[in-house]
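Participant: sequence first, then the predicted structure, then my questions.
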Amino acid sequence: MYSAVRTHDYDYPESEMDERESLYFDTISLADSEAAAAAAHRKSLSQSRNTIYHSAVDLAGDETRNNLRNSAATDHMRLAWQPGYRQSTALEHLNGAGAGAGGDHTDAAIAAQVLALQNGRTHLPTGIGVAGGYGYSRSGADLGGGGGGGNDDEVSRRLLRQSSTVSNKDKKLPITYSQWKLRTYRSFEDGRSVDFVLAYNGDDKSATAVDKRRFFENNLKREGLQLELYSQQWVHFMKLHAPMEVLYRYAEILKIKMPMKVIPGQEQIIAESTRELKSCWSRMCRSLFSSVQLNNDVFPERGQRIHMEFAVKYLKLYDTEHPNYFDDSTRYSIINFIMQRQHFEKGDETAESRGIEKLVEDGVYLCAYALHDKGKRDDLLNEWAKIGNWKKLQPLDNIKDYFGAKVALYYAWLGFYTQMLIPISILGIFFFLYGFVTWSSDPISYDICNGNETIMCPQCDRGCKFWLLNETCTSSQFNYLIDNKMTMVFAFVMAIWAVAYLELWKRYSAGLVHRWGLTGFNHHVEHPRPQYLAKISKSKKLQDKLQAKNGFDPDVPFWSFKFLPNFTSYSIVVLFMCISVIAVAAIIIYRMAQRASSSIIGSENSMTYKIMVLPITAGFLDLIVISVLDLVYSKLAISLTNYEYCRTQTEYDESLTIKNYVFQFVNYYSSLFYIAFLKGKFVGYPSKYNRIFNFRQEECNPGGCLMELCMQLVIIMVGKQAVNAIVEMLIPYLMRVFKEFSQRYDFFKRRNEKTVPSINQFTEDFNLLPVENNSLYAEYLEMVVQYGFITLFSLAFPLAPLLALINNVMEVRLDAIKMLRFIRRPVGMRAHNIGVWQNIMSVVTHISVASSAMIIAFSTNFIPKLVYKATHDDPELDGYLNFTLATFYTKDYRTQSLLDYSNEANVTLCHYIEFRNDPWENPPYKRPMIYWKILTARLAFIVIYQNIISMLQGILRWAVPDVSARLLKRIKRENFLLRERIIEYEKELTQSLAQQQEESLRLRLNGNNATTLNDNATTYV
């Protein structure tokens, strides 16, 4: 029937036509009377090839495979994989091109696909233009381009010359072959686009499932949606398309704003609001940063428009040519809204028998998803979702069109946050370098390192020895890098930066939201969740209200309905917070036990073990515990939120976010708060140590606990980002590789599992990971927790903003790759801000002021040095080290093991880090007056610092309004123009209607006059 030919016989590219090539010819040349009969014959041949292919997909079993391999088509299967081979076409057979090529064989392209399926390959290599992408190369080449050369129009013309007696080279093409393939790759048979897909198991013949699907699909048709079934695999796909009439109706119901046509005076408003300085400096800056600009050929700059809530009666006023006029995300959100509210059971329509999510949950449908757009996705992959483009700006308008405003706002916020990290990262580097430059000027490390043989008391009761203070030389020098004169300055800069970032983001996002036509949108516009309606429909107490309101959204009292679920939910949250604190306490006791026992790593008496190894191992252990608790609680939080009465999706997301973040705050920060504020503060003194479970509390190093806080911060912050990267990117990638590997080696067939070959867009997307409603929650949580690390504790590590910057530069691109390559396309949702995350960051910013003040006061040497200078005539701090040490007589030990060891070592006195009286003073070992002076200074500093910073932050918030004055002015002027345009349009309609009525009346009067004249003439006669 078909014959094999070589590409050098015909000047075709390597990517060839698929089995639908005859439909392309019919579209181009069906009007040609000479080709009409041939077109009908080709269509029949194409259908036959399609049947052969889909029969081959279902082939299974060794016997069938062996028969295929031994058949006459085996040679063509092998031949199909050679670079120079391409399949013969129905057109060539019809024209006799392959008559001498070896007789009538099975189509080699289909045979090649059968062999590919047997080998587990659902994508053919470049040069085989059949299923598995229909000629798309895996490298993202253009449709129909493959690996060969040739202009697409020229290819199409040569194909047409083979199918017609017309040989005019300049014959005008209504559509090229690549355009045709793009159209039919994700469309109905007649070319209508597929907006949504419902997938279900075609082998599921149960009467209940069939009836539910039929009833549900009939309801969708009654709503105006157009459906078409694709049933050529074991998974059947119901393709959905929303015509304009449906979009118009629901756009008005959902109060969606659409771009208007240009209104007189609009250009002046936009020009004034977007006015740029035309100075030489601005031009130089634009040329300097030209490398970060978007490719205008792929993402052309869009003009701004005035938006108005859609109303059918004003249809002529809307700009139908604007890219935001019913873009993909808007279409998908409307269809999803319709599907969420359709019933699938006959009889009484209840909330329990409503919505596509319930059908998917019950297994009636396998999934429901919107389709990726290959052309737009390739543009985003090549220009945005690529690590190599890390320095380029993001195409936010195109992201909004593709994913919706909610996802676009996340990427806008993440990009803005990343850019705001640049200046603070540079300052952090300078502050860190300052410590290196002034390393030798630190009096504490100088006194410790220069032969200081001060004998220090043992740090445990059994097995520990007396040690010399100069053993901590290295740790004291490293501690100076983060505890120096610039520490206070860095804390001040961080406090101002945090407020500036939040205020500038609100200002920036207001402009974006207005640009996208979402100004004024809030959650009150949202409709109730189907799950919420199903939940209240089960309540007996609400039956009267349900019947009175015809079962639609009754008012649910808080105290009688919402209080108990909310109280129970947040009680469990508090319980898990306590579990997290207990876990941190267990790690602290572990560290105490390690100091009281023999060492696991190295020598117990080595300072390296005490100062470096033990904190690092404890930090990694803490990271493991945090990750496990995070995983367990994340699943529980969803169940707790489902138990509550959350009316809208926004309320649901905010409730879930608050519960999760409150727990994560305790889970991630509790160990850091312990090191910063509690460790080493209540140790006691050698003859009377404060103990927990008979273990001595941990002590800080002679330079303080700030270095250990630094190590813990780096471990948890970097470790968390590494774990998130593995979960978000590596696991989906490994799952994809495993799936391809399993298909190649018949793993699924050996386990009697079925696969869905990717032969078009909806089968490709079916094999992707499903998208969840709260898919952005994990992304926001990761970044907001990171923001907490920076603002709360970066004082202990000035390079923390730099680490966050490096991570976020990669995070933007990796998140984009994940959403475009690994998961199905999410349904676009409207949003006017980042939601409750803005409030969470504001609260964290307020807490960070107190945190910085307490870290400076209690974990650094800033306040003790000030008090020392004020009470001693020693501006160079030469005696400061001895000032911080207290003396202890070893004979006063109350632990027998320490007494015995003191006698053996012949040590009569040792020193420890505390502000206490010496043993020869009265009373011995008690708090001296200098301790209370330092404590008073610390508390006074906290109060003064908080008030000064809070006052400056308040001034900054007042100076930077949430919406710029220029934007507010523009909004007012646009609203005025909009009202005037509507009034003018109403006048035009009224005048037109009056003219029509006048014309109708005039015609009636003329008709009556003519009738009267005829009557008079008749009477006269």
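Facilitator: On my side now, so go ahead.
Participant: in the stretch 601-750 of the chain, where is pLDDT below threshold?
Facilitator: Within the stretch 601-750 of the chain, the stretches with pLDDT under 70 are 601-615, 618, 701-704, 736, 739-750.
Participant: so where do the strands sit in it?
Facilitator: Secondary structure of the stretch 601-750 of the chain (DSSP state E, counting those that start in this stretch): strands located at 684-685, 688-689, 691-692, 695-696.
Participant: deepest-packed of the ones you listed, please.
Facilitator: For the strands of the stretch 601-750 of the chain, ranked by mean neighbour count under the definition mean count of other CB atoms under 10 Å, the leader is strand 695-696 at a mean of 20. Yep, even glycine has a C-beta here, placed from its N, CA and C like the rest.
Participant: and that strand, what does it pack onto?
Facilitator: With contacts taken as 3 or more CB pairs under 8 Å, 6 or more residues apart in numbering; DSSP states H and E, strand 695-696 sits against helix 563-596.
Participant: show the average pLDDT along the helix it packs on.
Facilitator: The average pLDDT within helix 563-596 is 80.
Participant: dump the strands of the stretch 601-750 of the chain to JSON lines, plus distance to S353.
Facilitator: Below are the strands of the stretch 601-750 of the chain laid out as JSON lines (distance: least, CB to CB, whole Å):
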{"stretch": "strand 684-685", "distance to S353": "68"}
{"stretch": "strand 688-689", "distance to S353": "68"}
{"stretch": "strand 691-692", "distance to S353": "58"}
{"stretch": "strand 695-696", "distance to S353": "61"}
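Participant: which of the ones you listed sits closest to C457?
Facilitator: For the strands of the stretch 601-750 of the chain, proximity to C457 was assessed by CB to CB; strand 684-685 is nearest, at 9.0 Å.
Participant: what about the closest one, distance to the chain center?
Facilitator: Offset of strand 684-685 from its chain centre (CA atoms, centre = their mean, to the nearest Å): 50 Å.
Participant: and the contacts of that strand?
Facilitator: N690, Q697, A886, F888, Y912, E914, R916, Y925 (CB atoms under 8 Å, 6 or more residues apart in numbering).
Participant: quick one: residues contacting the last one.
Facilitator: To tie it back to what came earlier, the one meant is Y925. Contact partners of Y925, counting by CB under 8 Å, 6+ apart, are Y685, S687, K688, A886, F888, D892, R916, N917, P919.
Participant: tell me the mean pLDDT over stretch 489-497?
Facilitator: Regarding stretch 489-497, the rounded mean pLDDT is 93.
Participant: again but with stretch 532-541, I slipped
Facilitator: Rounded mean pLDDT across stretch 532-541 is 69.
Participant: now restrict the contacts of Y925 to buried residues only.
Facilitator: Buried members of the contacts of Y925, scored by 16 or more other CB atoms under 10 Å, are Y685, S687, A886, F888, D892, R916, N917.
Participant: and those, which of them are in strands?
Facilitator: Among those, DSSP state E puts Y685, A886, F888 in strands.
Participant: as JSON lines, the residues you listed with distance to I270 would be great.
Facilitator: What follows is these, written out as JSON lines (distance: CB to CB, whole Å):
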{"residue": "Y685", "distance to I270": "73"}
{"residue": "A886", "distance to I270": "72"}
{"residue": "F888", "distance to I270": "77"}
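Participant: could you name the helices and strands sitting against the biggest helix by length in the chain?
Facilitator: If you go by DSSP state H, the chain has its longest helix at helix 965-1020. Counting contacts by 3+ CB pairs under 8 Å, 6+ apart, helix 965-1020 packs against helix 266-273, helix 487-515.
Participant: related to what we said a few turns ago, between the buried ones among the contacts of Y925, which is nearest R331?
Facilitator: Using CB to CB, Y685 comes nearest to R331 of these, at 73.5 Å.
Participant: who does that closest one form a beta bridge with?
Facilitator: Taking DSSP bridges as the rule, Y685 bridges to K688.
Participant: so which one among the contacts of strand 684-685 has the lowest pLDDT?
Facilitator: The pLDDT minimum for the contacts of strand 684-685 sits at Q697, where the score is 72.
Participant: neighbours of that residue, how many?
Facilitator: For Q697, the neighbour count with other CB atoms under 10 Å is 19.
Participant: let me know whether it touches I589 as I believe.
Facilitator: No. Using CB atoms under 8 Å, Q697 makes no contact with I589, being 10.2 Å away.
Participant: buried stuff in stretch 198-210?
Facilitator: Buried, per 16+ other CB under 10 Å, within stretch 198-210: L198, A199, Y200, N201, A209.
Participant: closest one of those to L672?
Facilitator: Distances from L672 to those, taken as CB to CB, are shortest for A199 (46.8 Å).
Participant: could you give the average pLDDT over the host helix or strand of that closest one?
Facilitator: Using DSSP states H and E, A199 maps to strand 196-201. Strand 196-201 shows a mean pLDDT of 93.
Participant: quick one: list the elements packing against it.
Facilitator: Contacts defined by 3+ CB pairs under 8 Å, 6+ apart place strand 196-201 against helix 207-222, strand 235-241, helix 328-340, strand 367-370, helix 761-766.
Participant: 10 Å instead?
Facilitator: Helices and strands touching strand 196-201, by 3 or more CB pairs under 10 Å, 6 or more residues apart in numbering; DSSP states H and E, are helix 207-222, strand 226-230, strand 235-241, helix 328-340, helix 356-362, strand 367-370, helix 761-766.
Participant: which residues are in contact with the first one?
Facilitator: Same thing as helix 207-222. 196, 198, 200-201, 204, 206, 225-227, 229, 236, 238, 240, 242, 246, 335, 338-339, 341-346, 349, 353-356, 358-359, 362-365 (CB atoms under 10 Å, 6 or more residues apart in numbering).
Participant: and which of the buried ones among the contacts of Y925 is nearest M729?
Facilitator: Nearest to M729 among the buried ones among the contacts of Y925: Y685, at 52.0 Å, using CB to CB.
Participant: before we move on, the earlier item: the strands of the stretch 601-750 of the chain: which one's closest to K969?
Facilitator: strand 691-692 (62.8 Å).
Participant: the closest one pairs with which strands?
Facilitator: Strand 691-692 has these strand partners (DSSP bridges): strand 695-696 (antiparallel).
Participant: run the chain-centre distance for the strand it pairs with.
Facilitator: Averaged C-alpha coordinates place strand 695-696 at 46 Å from its chain's average position (CA atoms, centre = their mean).
Participant: roughly how far apart are W516 and N218?
Facilitator: 36 Å (CB to CB, to the nearest Å).
Participant: report the buried residues of the helix or strand hosting L952.
Facilitator: According to DSSP H and E, L952 maps onto helix 929-959. By 16+ other CB under 10 Å, the buried positions in helix 929-959 come out as 933-935, 937-938, 941-942, 945-946, 949, 953, 956-957.
Participant: next one: stretch 806-825
Facilitator: Buried-residue list, stretch 806-825, by 16+ other CB under 10 Å: 807-809, 811-825.
Participant: now, which of the buried residues of helix 929-959 sits nearest I422?
Facilitator: Of all the buried residues of helix 929-959, L956 has the smallest distance to I422: 19.2 Å, by CB to CB.
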